[in-house]
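Asker: need a structure here:
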Amino acid sequence: MADFVASIDQGTTSTRCMIFDHDGAEVGRHQLEHEQLLPRAGWVEHNPFEIWERTAAALISVLNTTKLQASDLAALGITNQRETTLVWDKHTGRPYYNAIVWQDTRTDHIASALDRDGRGDVIRRKAGLPPATYFSGGKVQWILENVDGVRAAAERGDALFGTCDSWVLWNLTGGPRGGVHVTDVTNASRTMLMNLETLDWDDELLSFFSIPRSMLPRIAPSSSRRPHGVTAELGPAGGEVPITGILGDQQAATVGQVCLAAGEAKNTYGTGNFLLLNTGEKIVRSDNGLLTTVCYQFGDAKPIYALEGSIAVTGSAVQWLRDQLGIISGAAQSESLARQVADNGGMYFVPAFSGLFAPYWRSDARGAIVGLSRFNTNAHLARATLESICYQSRDVVDAMEADAGVHLEVLKVDGGITANDLCMQIQADVLGVDVVKPVVSETTALGAAYAAGLGVGFWRDPSDLRANWQEDKRWTPNWTDEQRAEAYAGWRKAVQRTLDWVDVS
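Answerer: Purely as a prediction, here's the structure:
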């Protein structure tokens, strides 16, 4: 068998391809950013062609830089930004519209209407999700209703819908020349269209959005011994590679952190924050604003479920400091600037740019900076931005403990912001528990590689994955209980100031 497994991590701001060995150690990577399109307030889009071109370039480049051939890869896995929605022509491969990103809020009227007439309760029961702009169903409906010709194409069977995993897979396997139209259970569980119990598209849910079933990809396990497809071409590297793993990005990170037993949890810090708690084979319904989702399904085994707290804006708040305000030149500078002050100086920043996700689910909220005085500086704003990441995670942890009846003893963390020592120390202080980072912090890409490798026997079973996990760094709380309570009370007051800002019809 070949010595390596590769994975494509198609994210919100960039696409990377990584190669791992049997120990789960990184062998090589290549990463390319793509443009964020913001045509109106609340609208967020990507160019589908750019996503595919960057994906192909990243894959070919990492093979070139590692001097590996396709024949050196035992399998390829795909992980992706989950709810981002694409619709394209199956004959030409041409998208009918830009990809509508998970952060986009243009479908707030669709989500509100679902809740007003009782359909929202059906969606919660069947799909495990609240009606929200976050998920794919409303985005597909918007494209069908607002882009000329798409409804007719869908009725003819010419239009295909997919999240980014399906788009990448379809193109990797030939596109209009025989591309495979498949998604996995984790991505399908983020659409408001899949029944959590049957793991199939639900006709009643489809009717809520007037979506023809013919548009939808086949739903497959996250890891499969029968390949989802094989790569059609890899440039000079040549050869076909079986694609045997697909996982939504946060589920991939859960697998990469080997949170494979009920009660284990991880938090991924990326564009947003995503905290998942493995609930085993049990579907746990949330009473506290969390999502019930599929965690993964390996082969023919029963699906494993999770509770998830999804936070829209965390790492992208740091990008906002860089790109819109210009007070830092790079993400790393947010730490050095924030370290110039001992605390937030009474300032709180709630980055509700796309409304508030878990546990609030308030599309009427918008970002706010509160508690300002002339004493405050850009250093206080940098500190408040890092704190906002940690407070939003505290909101989710509290909801998760209430739903699942468990007390978090330690939080496993991954993603780009874990390189920020100050932010991770604040996270430990805000939560009052140890925060632990693994040696391989890019657990999203690693999880997709694990899913692919399990499919072809590169790793025999999940126990092989546990043997690979190693602790890199640990942060222990320094705040007193009184400090923690007072600071969090200020955050909760700040959140209240963001509500009822946008009128949602």
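Asker: which strands and helices sit next to the longest helix along the chain?
Answerer: As assigned by DSSP state H, the longest helix anywhere in the chain is helix 378-404. On a contact count with 3 or more CB pairs under 8 Å, 6 or more residues apart in numbering; DSSP states H and E, helix 378-404 meets strand 265-269, strand 273-280, strand 304-311, helix 315-320, helix 333-338, strand 348-350, helix 421-431, helix 481-496. (Each C-beta comes from the backbone N, C-alpha and C, glycine too.)
Asker: Columns distance to residue 117, mean pLDDT and mean neighbour count on top of these, output as a markdown table?
Answerer: Below are those laid out as a markdown table (distance: least, CB to CB, whole Å; pLDDT from 0 to 100; neighbours: other CB atoms under 10 Å):
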| stretch | distance to residue 117 | mean pLDDT | mean neighbour count |
| --- | --- | --- | --- |
| strand 265-269 | 35 | 91 | 27 |
| strand 273-280 | 30 | 91 | 25 |
| strand 304-311 | 25 | 92 | 26 |
| helix 315-320 | 33 | 90 | 21 |
| helix 333-338 | 44 | 94 | 20 |
| strand 348-350 | 31 | 97 | 24 |
| helix 421-431 | 39 | 97 | 22 |
| helix 481-496 | 28 | 97 | 15 |
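Asker: out of these, nearest to residue 502?
Answerer: Closest to residue 502 of the helices and strands packed on helix 378-404 is strand 348-350 (CB to CB; 14.2 Å).
Asker: What average pLDDT does the next helix or strand after that closest one get?
Answerer: For strand 348-350, the following helix or strand on the C-terminal side (DSSP states H and E) is strand 368-370. On average, the pLDDT along strand 368-370 is 96.
Asker: just to revisit the earlier point, take the helices and strands packed on helix 378-404 and write them to CSV, including distance to residue 443.
Answerer: Shown next, in CSV, are the helices and strands packed on helix 378-404 (distance: least, CB to CB, whole Å):
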stretch, distance to residue 443
strand 265-269, 7
strand 273-280, 11
strand 304-311, 15
helix 315-320, 15
helix 333-338, 21
strand 348-350, 27
helix 421-431, 15
helix 481-496, 27
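Asker: Can you name the residues that contact the nearest residue to residue 136 once chain neighbours are set aside?
Answerer: Counting by CB to CB, 6 or more residues apart in numbering, residue 136 lies nearest to residue 191, which is 4.1 Å off, once chain neighbours are set aside. Listed by CB atoms under 8 Å, 6 or more residues apart in numbering, the contact partners of residue 191 are 83, 127, 135-137, 163.
Asker: I figured residue 320 hits residue 351, correct?
Answerer: Yes. Residue 320 is in contact with residue 351 according to CB atoms under 8 Å; the separation is 7.1 Å.
Asker: that older thread, pLDDT averaged over the longest helix of the chain, what's the number?
Answerer: pLDDT averaged over helix 378-404 gives 94.
Asker: just stretch 100-110 next, same as before
Answerer: On average, the pLDDT along stretch 100-110 is 93.
Asker: picking that back up, and the residue nearest to residue 136, what pLDDT?
Answerer: With respect to pLDDT, residue 191 scores 97.
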